[in-house]
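Visitor: Based on what follows, work out the 3D shape:
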Amino acid sequence: MTEAELAKFAGLWRNEKTHMPLQTEVRKGSLFAVGGGPLQPVAGNKFIARGGSIKLEFEIDSSSNPVAASLTQGNNKFRFLAETQWEPTANELNEFAGEWYSEESGAKVKILVKGLNLLITQRPDTKIPFMPKYKDHFTAGGGRQPVMWCSRDANGKISTLHLGAPRMRNMPFVRINK
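Guide: Got it, this is the predicted structure:
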């Protein structure tokens, strides 16, 4: 495949269940999973990695654009949806600010806006920067994990904040103070 043909598969993808990101990019004539390795084309929209132990198949819409991808590794299958990089406004970031509580963990965190990012603080001195990834989603340090996202009510207001990591899929938090 040419770089131009591979370019349509480069992008940002959100795991449908865990919300964890997957990013693909073209480097030196090959498609790569960022933080992973090269993806070798085996058919028009199908790629393999690590000698075939990982399979990635893109779902193509009627305009020939990838809209989702299925990643298979052994008996595990993960579905990713196409996303775009999010650059929130100051007002959008301020919607996340405040104190949040998780009944599940008994944890309370405070979210502060720091420039174009969020800072999660927890007593006594834990501070974790979260950078925007895609709409209403943030990742710690701009990487892949942990991931934070929100659910919104019918009026578009944030109703629940969620934190996820490889061994913790969805820990919900509710706002207790703005």
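
Visitor: Please identify the pairing partners of the strand ranked longest in the chain and their relative orientation?
Guide: Longest strand in the chain by number of residues, with DSSP state E as the criterion: strand 168-177. Each strand pairing with strand 168-177, determined using DSSP bridges, is listed with its direction: strand 98-102 (antiparallel), strand 158-165 (antiparallel).

Visitor: where's that strand relative to the chain centroid, distance-wise?
Guide: Using C-alpha atoms, centre = their mean, to the nearest Å, we find the averaged C-alpha position of strand 168-177 to lie 17 Å away from the chain's own average C-alpha position.

Visitor: which residues make contact with it from outside it?
Guide: The contact list for strand 168-177, computed with C-beta atoms under 8 Å, 6 or more residues apart in numbering, reads 17-18, 98-105, 107-109, 146, 158-164. All C-beta atoms are positioned from the backbone trio N, CA, C, and that covers glycine.

Visitor: how about the helices of the protein, start to end?
Guide: With DSSP state H applied, the chain shows helices at 3-7, 90-94, listed in chain order.

Visitor: Redo the ones you listed as JSON lines? Include distance to D125 and mean pLDDT.
Guide: Putting the helices of the chain into JSON lines (distance: least, C-beta to C-beta, whole Å; pLDDT from 0 to 100) gives the following:
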{"stretch": "helix 3-7", "distance to D125": "44", "mean pLDDT": "94"}
{"stretch": "helix 90-94", "distance to D125": "23", "mean pLDDT": "96"}
